[in-house]
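Novice: output the structure for:
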Amino acid sequence: MLGLTIGALVILLVTLVFGFYMAWTIGANDVANSMGTVFGSKTLSLKKIILIAVVFEFLGAFLVGAHVTNTLKGGIVEPSYFQNTDYFQGDTGIYIFVAGMLAVLLAASLWVTLATYKSLPISTSQSIVGAVAGFGLIAVIMGDIPLGAMNGGTLIKISAGWILSPVLGGVMAFIIFLIIRKTIFDARDPEKRAYLMISIFIGMVFFIIILAGTSGGLKNLRSSLEIILPMTVVDFVLAESWARVIVVLIVSMIAGLIGGKIVKRSKKLGKLGSIDRVESMFGGLLILTACYVAFAHGANDVANAVGPVAAIAQILFDGEISSKVQVPTWVLVLGGAGIVVGVSTWGYKVMNTVGKKITKITPTRGFSASFGAASSVMLCSVFGIPVSTSQIIVGAVIGVGLAGGITAIDLRVIRNIVVSWVFTIPIAAVTTAVIFLIFRAIAINLI
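Specialist: Here you go, the predicted structure:
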């Protein structure tokens, strides 16, 4: 047990600062996942977009953020080796492990900060995974842990998911936009056809959102509902797949019918031209989908920042390293606050790239991209395929751009984004290795 010595308190303070910094970078870069298409379509002003992102990102992180998460993301390095007496004496391994986790947080944050400064949308999850891999490899090279502590197969599986992410997002968004174009814009009376289709799309949005949330898209939603409504019909619905699908389908159909009638009676639509009315209808759906993506992002990605914080806090208080760690509520608040500050300060940088620089975004195109991304994430969640939300949404935006032809997208912007993706893992890994060597030397001197 390390105990709350002055040194331990200093480590805890540094951990909190690094954790907040990581959460800030997540908010600053990943806000484009949910709000970039809203910004590009000019559906809402920048102030309103940031306000919505702040509210839903924080609610997702605080209400259904994972209360139990992996100590090191991805399972690439087995933490238990650092408290194995065959490799370390006393608390040496624990100090070195803490040094490694701090290096992971700082290195990943620095790379995401640089990418955000350059207005490049990258995956913060990918940065963390690259940093963890760098920590594990340098620990092996230094003789701290054996090569067997590394799980290369997991890294390959995760990497394959990242390759799939933009392709899947692009294909889904492309198909959805083609459906909208063929069924509405190519119809003799686009406005009349839109009123018919809008109910279907509203129902589809609710179906994806609710089914994704109850099927694992929001990992902690079920446990949160069980606290509020223990041993009820809700528990049965969440436990049985067939019951969940039927209930969600019924709710979605009702939502579609009600939503369609509300849209049809909207006074605002009467002041617009036929095509503009169609675009305005999808503007509301785009906002709804974006709110879900923001909520889900806050719930799922807050663990990237607070997982290591909770793990180090547990080590300092209990002197134990475990593969899974409990995340206290105050740590979730810290992560949520960091995300909120990131969204509010630098969020506009990457949002501008995703929403305006890749291709022209209209409400229908923005909806196609956001809904295509949300559908892709849910599909991959069902099959247990690790994906990057950032890469999915970028691929989705490219997909709707390609629906207008290759000239409709800016290939130079796409090239810069892809290059940043390719270099994320190696840069995060190398940076982590350098920082770890410094922190390792300090940790050993503290023993």
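Novice: could you pull out the helices for the stretch 51-200 of the chain?
Specialist: For the stretch 51-200 of the chain, the helices defined by DSSP state H, counting those that start in this stretch cover 92-117, 124-141, 152-180, 190-212.
Novice: what's the most buried one of those helices?
Specialist: Mean neighbour count (mean count of other Cβ atoms under 10 Å) peaks for helix 124-141 among the helices of the stretch 51-200 of the chain, with a mean of 26. In this view, the C-beta of every residue, glycine as well, is placed from N, C-alpha and C.
Novice: that one: how far from the chain's middle?
Specialist: How far helix 124-141 lies from its chain's middle: 19 Å, per Cα atoms, centre = their mean, to the nearest Å.
Novice: that helix packs against which elements?
Specialist: Here helix 124-141 touches helix 6-41, helix 92-117, helix 152-180, helix 274-318, helix 389-402, helix 411-446, going by 3 or more Cβ pairs under 8 Å, 6 or more residues apart in numbering; DSSP states H and E.
Novice: what about residue 320, neighbour count?
Specialist: Using other Cβ atoms under 10 Å, the number of residues around residue 320 comes to 11.
Novice: no, scratch that, I was asking about residue 412
Specialist: Neighbours of residue 412 under the rule other Cβ under 10 Å: 9.
Novice: make TSV out of the helices and strands packed on helix 124-141 and add mean pLDDT.
Specialist: As requested, the helices and strands packed on helix 124-141 are exported to TSV (pLDDT from 0 to 100):
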stretch	mean pLDDT
helix 6-41	89
helix 92-117	94
helix 152-180	87
helix 274-318	82
helix 389-402	92
helix 411-446	93
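Novice: what about the nearest residue to residue 211 once chain neighbours are set aside, which SS state?
Specialist: The shortest distance from residue 211 to any non-neighbouring residue, by Cβ to Cβ, 6 or more residues apart in numbering, is to residue 248 (4.9 Å). For residue 248, the assignment made with DSSP: H, G, I helix; E, B strand; the rest coil gives helix.
Novice: contacting residues for residue 248?
Specialist: Applying Cβ atoms under 8 Å, 6 or more residues apart in numbering to residue 248 gives the contacts 206, 207, 210, 211, 214.
Novice: my guess is residue 33 meets residue 396, correct?
Specialist: No: taking Cβ atoms under 8 Å as the definition, residue 33 is not a contact partner of residue 396, at 10.1 Å.
Novice: pretty sure residue 296 sits against residue 377.
Specialist: Yes: assessed by Cβ under 8 Å, residue 296 is found in contact with residue 377 at 7.5 Å.
Novice: test my guess that residue 305 contacts residue 19.
Specialist: Yes: shown here, residue 305 and residue 19 form a contact pair, counting by Cβ under 8 Å, at 5.3 Å.
Novice: more neighbours: those two, which one.
Specialist: The neighbour count for residue 305 versus residue 19, taken as other Cβ under 10 Å, is higher for residue 305 (32 against 26).
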